[in-house]
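K.L.:
Give me coordinates for this.
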Amino acid sequence: MSTPPAAAPQTLYDWFAASAARHGTRPALEIGGIALTYTELATAAEALASRLRRDLGLGAPPRRIGLLAARTAVAYAGYLAIQRLGATAVPLGPAFPPERNAAIATAARLDAVLADSTADHADRLGTPALTLTDAELLALAPQPLPAIHPARPHDLAYILFTSGSTGVPKGVPIQHRNICAYLAQVVPRHAAGPGDRCSQTFELTFDPSVHDMFTAWGSGATLVVPTRGELLSPVRFINRRAITHWNSVPSAISLAHRLRALTPAALPTLRSSMFCGEPLTLGQADAWQQAAPHSTVENAYGPTELTVTCVTYRLPADRTAWPQPANGTVPIGTPHPDLQVLVHTGELCVRGPQRFPGYLDPAGNTGRFLAPDGSPYDPATPLTDAHWYRTGDRVGPLAGGPADEPPLVHLGRDDQQVQVHGYRVELGEVEAALRALPGVLDAAVLPRATPAGTELTAAYTTGAAPTGGDDLRTALRTRLPAYMVPATLTALDSLPLNANGKLDRVALADVLTGPVARRRAAESPPPAASRGRETPRGS
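P.N.:
Modelled structure (predicted):
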């Protein structure tokens, strides 16, 4: 008698639970000196879920739970515990300023917060909190949960907060049906399984972490979490931990290259390598492919609103068959089969089961969607699945690609959004934070390409009494995550304006980053409107 096929997972927790049922004795999580099998991790998550309900008096189910944790067993068991409760996970950054986490907690309307030993401000977020160390987690007695109302496909699995152009983080809710549609595509694509070892290089506040957790746990593989120190030596980490499936921002390639670690065949255990969050250059891909000759190399693209990634390109095994886009980057590829794309006046627009239901604050939907017929979306009308999400990214077909479905090439953005070490940053949010500081009259922020990836540089104007860049940077660190704090702060007498009286970003780039600035510095003092005092970022 044949075994009936297993039902398709309907929730994020279903992906883990199915593997725990099939591969209970297999390793599920390695982090620091801790190794847990699927059965042990499921037991820890169940006990933690019971502890959350008992200690914090949560309803059944609770609505939203913040997770103030990073790179600990509490973080990963906690993520599963929140899903097991049928609640929505809202990751918070332990290294983020407390004020930012408090603002997110308020915007998300959290019922509670689960924290680990890496955070020191869980009690300042305005909501009940439970803090546990890894030792306390592992000492929890097994505690089965009473019957609870399970999550449904249209319920929210998680909410992530991205940088907002108005200076306020923007909540992006993802439903279970969105993330399950994504995993249904990528789990078989990456072909992991019991015995495979998947990296987890991302913080939980960045959605590729969901890819790493559940492509591993959805296939019976092991999630291997590097320490912060191990992240600084990616090749050494991969080899010491025998990683088979790697996922990171392309900056990791540049870091490994600077360490002179990307020698031919330096990464023999890798079978699958995925890069996302930043443009992947052909030079970076070539260096990685030579170091990992047995691995596929894949470039993946997708904003948080489209559930991790939505367009993917796998480079041919034959290096001579690689495409050569004019901008020197690997194509972002073709959409997942269940998604539809529309290139509207050069902008990539997407709809399908991975598209989020709209921003947590509906005001954020204005200007971010197109109606089903491609006309502008009227925010006074209901948002439906047929509406197109406007990514803000400009794309074009790969020259010489297949005529029926040519891979797409990323051609930049029309707005002020950039990627910094994989995180999406609205320059307007950084500028707003600068302008809010005492003594700052105006500010402008630009991206700057470096060998380590994109960083930010800023110019600001002050009143009669100049404000030092070091003081401003210290103040910014209380308002913004570290990756959003500009690497340099340059005081100017005034910001350059164009003929229409608007900020001239091209001229400002010349002052802050371009060849004109270097030539002026060598030949003569800059004009008064651009004369500045640059303060580099300290350690």
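K.L.:
tell me which element the residue sitting nearest the centre point of the chain is part of?
P.N.:
Compute the mean C-alpha point of the chain, and by Cα atoms, centre = their mean the closest residue is residue 206, 2.9 Å away. Taking DSSP states H and E as the criterion, residue 206 maps to no regular element, lying outside all helices and strands.
K.L.:
all numbers from here: first residue = 811
P.N.:
Taking 811 as the first residue, the last one we looked at is residue 1016.
K.L.:
is it true that it touches residue 1232?
P.N.:
Yes - Residue 1016 is within contact range of residue 1232, at 6.2 Å (criterion: Cβ atoms under 8 Å). From N, CA and C alone the C-beta is placed, and that goes for glycine too.
K.L.:
what touches both of those two?
P.N.:
Counting by Cβ atoms under 8 Å, 6 or more residues apart in numbering, the residues touching both residue 1016 and residue 1232 are residue 1087.
K.L.:
Now do the same for residue 1225: helix, strand or coil?
P.N.:
Following DSSP: H, G, I helix; E, B strand; the rest coil, we place residue 1225 in the coil state.
K.L.:
now swap in the one 3 residues further on and tell me
P.N.:
Local secondary structure at residue 1228 is given as strand here, using three-state DSSP.
K.L.:
Spit out the contact partners of it.
P.N.:
Shown in contact with residue 1228 (Cβ under 8 Å, 6+ apart): 1234-1235, 1237, 1257, 1264, 1266.
K.L.:
Would you state the strands of the stretch 811-960 of the chain in chain order?
P.N.:
Along the stretch 811-960 of the chain, the stretches classed as strands by DSSP state E, counting those that start in this stretch are 837-841, 844-847, 874-878, 898-902, 922-925, 939-941.
K.L.:
returning to what we had before: just checking, which of the contacts of residue 1228 belong to helices?
P.N.:
Judged by DSSP state H, the contacts of residue 1228 include residue 1237 as members of helices.
K.L.:
so of the contacts of residue 1228, which ones are in strands?
P.N.:
When DSSP state E is applied, the contacts of residue 1228 are split such that 1234-1235, 1257, 1264, 1266 fall in strands.
K.L.:
So among the residues you listed, where is pLDDT lowest?
P.N.:
Lowest pLDDT among those: residue 1234, with 80.
K.L.:
ok, it - how many residues close by?
P.N.:
Per other Cβ atoms under 10 Å, the neighbour tally for residue 1234 reads 18.
K.L.:
Read off the pLDDT value for the nearest residue to it once chain neighbours are set aside.
P.N.:
Of all residues not flanking residue 1234 in the chain, residue 972 sits nearest, at 5.1 Å (Cβ to Cβ, 6 or more residues apart in numbering). For residue 972, the pLDDT comes out at 90.
K.L.:
which residues pair with residue 972 across the strands?
P.N.:
Under DSSP bridges, the beta-bridge partners of residue 972 are residue 980.
K.L.:
For it, give its distance to residue 1231.
P.N.:
14 Å (Cβ to Cβ, to the nearest Å).
K.L.:
between the two, who's got more neighbours?
P.N.:
Between residue 972 and residue 1231, counted using other Cβ under 10 Å, the more crowded position is residue 972 (22 against 17).
K.L.:
Quick check, that one in contact with residue 979.
P.N.:
Yes - using Cβ under 8 Å, residue 972 makes contact with residue 979 at a distance of 6.8 Å.
K.L.:
who's in contact with residue 1147?
P.N.:
Residue 1147 neighbours (Cβ under 8 Å, 6+ apart): residue 995.
K.L.:
any idea how far residue 1001 is from it?
P.N.:
Counting by Cβ to Cβ, the gap from residue 1147 to residue 1001 is 17 Å.
K.L.:
can you map out the helices along the stretch 1061-1210 of the chain?
P.N.:
Ranges of helices in the stretch 1061-1210 of the chain, per DSSP state H, counting those that start in this stretch, are 1061-1068, 1092-1101.
K.L.:
where among the ones you listed is the average confidence lowest?
P.N.:
Across the helices of the stretch 1061-1210 of the chain, helix 1061-1068 gives the lowest mean pLDDT, at a mean of 88.
K.L.:
okay, now residue 1052: neighbour count?
P.N.:
Counted by other Cβ under 10 Å, the residues lying close to residue 1052 total 13.
K.L.:
Same check on residue 1262?
P.N.:
12.
K.L.:
That one contacts residue 1064, doesn't it?
P.N.:
Yes - contact between residue 1262 and residue 1064 holds when scored by Cβ under 8 Å: they sit 5.9 Å apart.
K.L.:
how close does the residue nearest to the centre of the chain sit to residue 1193?
P.N.:
Separation of residue 1016 from residue 1193 (Cβ to Cβ): 25 Å.
K.L.:
same question, residue 951
P.N.:
Taking Cβ to Cβ, one finds residue 951 at 46 Å from residue 1193.
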